[in-house]
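Chemist: following is a predicted model, sequence given first.
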Amino acid sequence: MTDDPRRTPLHDLHLSLGARMVPFAGWEMPVQYPKGVLAEHLHTRAQAGLFDVSHMGQVVITPQDGDMAAAALALESLIPADVLGLAPGRQRYGLFTNDAGGILDDLMFANCGDHFLLVVNAARAEHDIAHMGSLGGVTVTPVTDRGLLALQGPQAAEVLARLVPEAADMRFMDSRILPWKGVDLWVSRSGYTGEDGFEISVPEARLREFAEDLLDRPEVAPIGLGARDSLRLEAGMPLYGHDMDTGVTPAQAGLGWSIPKVRRTGGARAGGFPGAEAVLAELADGPAMIRRGLRPEGRAPIREGVAIFAEPSGGAPIGHVSSGGFGPSVGAPIAMARLPAALPDGATLYAELRGKRLPAAITPLPFITPSYKR
């Protein structure tokens, strides 16, 4: 038995590119390359960044009798989303909830015609697979022979189209199986940066070849976890284990939009998922606390765990930072925190940093304007 972190199939490539490796969610992952987090972040916003996300869990859900509608309804018993209404070739965002309405994980799910493909968080993959083991009428198969890449940035589509011309026609949240040099790529037009881009599942035996093919393009640079975090923070995207967890409901996480009318009270398929009563009541009434953006004054970042107060002195904290750091594209520190929902945008709060309270304004999310291809 070993506690050593797992390695993705691109481990040796990361080392050859000069990556600094760190443990993350049970894996050894590149946090940055020689050009550094700031340059990697700005390169992704300006051109195209390549991320190794092979640590994420890929799971295939296949109906045992070929009935995709029945498989969709089975997934809806765990995910408060419209799985049944998802057309073939399309993808959606969803959540696993627990009996109290807390979030077990967030995920992407795609209708691939004769099966569903789910992508779940690395630290929750084993849990999620076991969680889906209760589903009847479907076969749950972890994908163990493929890696996953994310190509993100305004030039991502142009670059990928040189290798896979059919990718150019895809829209945001399309999901397709496309050919490349004799193998099938599972491609979705999606990502975690706020930029246009793609996530590409590649057979493990060809993963390095495909990654190097992309990296040979002058527009593409390798990007580590450091810039991945600052990019998603600017885009107002929550991270599991930080901005949401089993004690945070969809409404509190600012993710109520992922639960459509058809699954809400009065909808054709209302409820039927774990914690539905609590989740739907809170969505109807509005949460007392919700994830909000913060812009601190000055240049000092406020990071996860920092206490937020209503006044410049005295009183108890009204919230804590769940994600925070410097936003290179914003040019200033930014943060997210669960705060009283009644507070208006623009309200000044106070972050306690090293014994001093610094003003921070509530700011609408996201901090940048996303550039998805609709």
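Modeler: That came in fine, so what should we check first?
Chemist: biggest helix in this structure by residues?
Modeler: The helix that spans the most residues within the chain, counting by DSSP state H, is helix 204-215.
Chemist: adjacent strands (with direction) for the very next helix or strand once past that helix?
Modeler: Next helix or strand after helix 204-215 toward the C-terminus (DSSP states H and E): strand 220-222. Strand 220-222 sits in its sheet next to strand 48-52 (parallel), going by DSSP bridges.
Chemist: other residues contacting the partner strand?
Modeler: Contact partners of strand 48-52, identified using Cβ atoms under 8 Å, 6 or more residues apart in numbering, comprise 8, 10, 14, 29-30, 40, 43, 147-156, 159, 193, 197, 211, 214-215, 217, 219-224, 227-228. C-beta: built from backbone N, CA, C; applies to glycine.
Chemist: what is the mean pLDDT for that strand?
Modeler: Average pLDDT, strand 48-52: 98.
Chemist: now the angle from it to helix 204-215?
Modeler: Calculated by axes from the mean of the first three to the mean of the last three Cα atoms, to 10 degrees, strand 48-52 forms an angle of 160 degrees with helix 204-215.
Chemist: export strand 48-52 to CSV, keeping only CA atoms.
Modeler: In CSV, the C-alpha atoms belonging to strand 48-52 read as follows (Å, rounded to 0.1, in the frame of the first residue of the first chain):
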residue,chain,number,x,y,z
ALA,A,48,-4.1,29.3,-26.4
GLY,A,49,-3.1,27.3,-23.4
LEU,A,50,-2.9,23.6,-23.1
PHE,A,51,-3.8,22.0,-19.8
ASP,A,52,-3.3,18.3,-18.8
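Chemist: grab the nearest non-local neighbour of residue 108.
Modeler: residue 119 (4.6 Å; Cβ to Cβ, 6 or more residues apart in numbering).
Chemist: for the host helix or strand of that neighbour, packing partners?
Modeler: Using DSSP H and E, residue 119 sits within strand 116-120. Counting by 3 or more Cβ pairs under 8 Å, 6 or more residues apart in numbering; DSSP states H and E, the packing neighbours recorded for strand 116-120 are strand 57-63, helix 68-76, strand 103-111.
Chemist: all helices for the chain, in order.
Modeler: Here the chain has its helices, by DSSP H, at 11-16, 37-46, 68-76, 125-132, 156-163, 204-215, 225-234, 276-285.
Chemist: which pLDDT does the model give residue 26?
Modeler: 94.
Chemist: how about the residue positioned nearest the centre of the chain: what's its closest non-neighbour residue?
Modeler: Central residue of the chain (Cα atoms, centre = their mean): residue 192, 5.3 Å from the mean position. Leaving aside its chain neighbours, residue 192 sits nearest to residue 232 (5.0 Å; criterion: Cβ to Cβ, 6+ apart).
Chemist: any idea how far residue 368 is from the one you found?
Modeler: As for residue 232, its distance to residue 368 is 11 Å (criterion: Cβ to Cβ, to the nearest Å).
Chemist: okay, and the common contacts of these two?
Modeler: residue 194.
Chemist: give me the contact list for stretch 136-145.
Modeler: 57-65, 67, 70-71, 74-75, 125, 129, 132-133, 201, 203-205.
Chemist: try 10 Å this time
Modeler: Applying Cβ atoms under 10 Å, 6 or more residues apart in numbering, the set of residues contacting stretch 136-145 from outside is 9, 57-65, 67-68, 70-75, 77, 115-120, 125-126, 128-134, 186, 201, 203-205.
Chemist: got the domain boundaries for this structure?
Modeler: Residue ranges for the domains of the chain, per automatic domain parsing: 6-53+144-234, 288-374.
Chemist: can you show me the strands along the stretch 251-374 of the chain?
Modeler: Secondary structure of the stretch 251-374 of the chain (DSSP state E, counting those that start in this stretch): strands located at 289-296, 307-309, 319-327, 332-340, 348-353, 356-363.
Chemist: redo these as TSV? Include mean neighbour count.
Modeler: Formatted as TSV, the strands of the stretch 251-374 of the chain follow (neighbours: other Cβ atoms under 10 Å):
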stretch	mean neighbour count
strand 289-296	22
strand 307-309	19
strand 319-327	21
strand 332-340	23
strand 348-353	20
strand 356-363	17
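Chemist: okay if I get those strands as JSON lines plus distance to residue 21 and mean pLDDT?
Modeler: Shown next, in JSON lines, are those (distance: least, Cβ to Cβ, whole Å; pLDDT from 0 to 100):
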{"stretch": "strand 289-296", "distance to residue 21": "31", "mean pLDDT": "98"}
{"stretch": "strand 307-309", "distance to residue 21": "33", "mean pLDDT": "98"}
{"stretch": "strand 319-327", "distance to residue 21": "20", "mean pLDDT": "98"}
{"stretch": "strand 332-340", "distance to residue 21": "27", "mean pLDDT": "98"}
{"stretch": "strand 348-353", "distance to residue 21": "30", "mean pLDDT": "97"}
{"stretch": "strand 356-363", "distance to residue 21": "34", "mean pLDDT": "97"}
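Chemist: could I get the ones you listed as a markdown table with distance to residue 102?
Modeler: Formatted as a markdown table, those follow (distance: least, Cβ to Cβ, whole Å):
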| stretch | distance to residue 102 |
| --- | --- |
| strand 289-296 | 13 |
| strand 307-309 | 22 |
| strand 319-327 | 15 |
| strand 332-340 | 13 |
| strand 348-353 | 25 |
| strand 356-363 | 24 |
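Chemist: any idea which of these gets closest to residue 166?
Modeler: Closest approach to residue 166 among the strands of the stretch 251-374 of the chain (Cβ to Cβ): strand 319-327, 34.5 Å.
Chemist: which elements pack onto that closest one?
Modeler: helix 37-46, helix 225-234, strand 289-296, strand 307-309, strand 332-340, strand 348-353 (3 or more Cβ pairs under 10 Å, 6 or more residues apart in numbering; DSSP states H and E).
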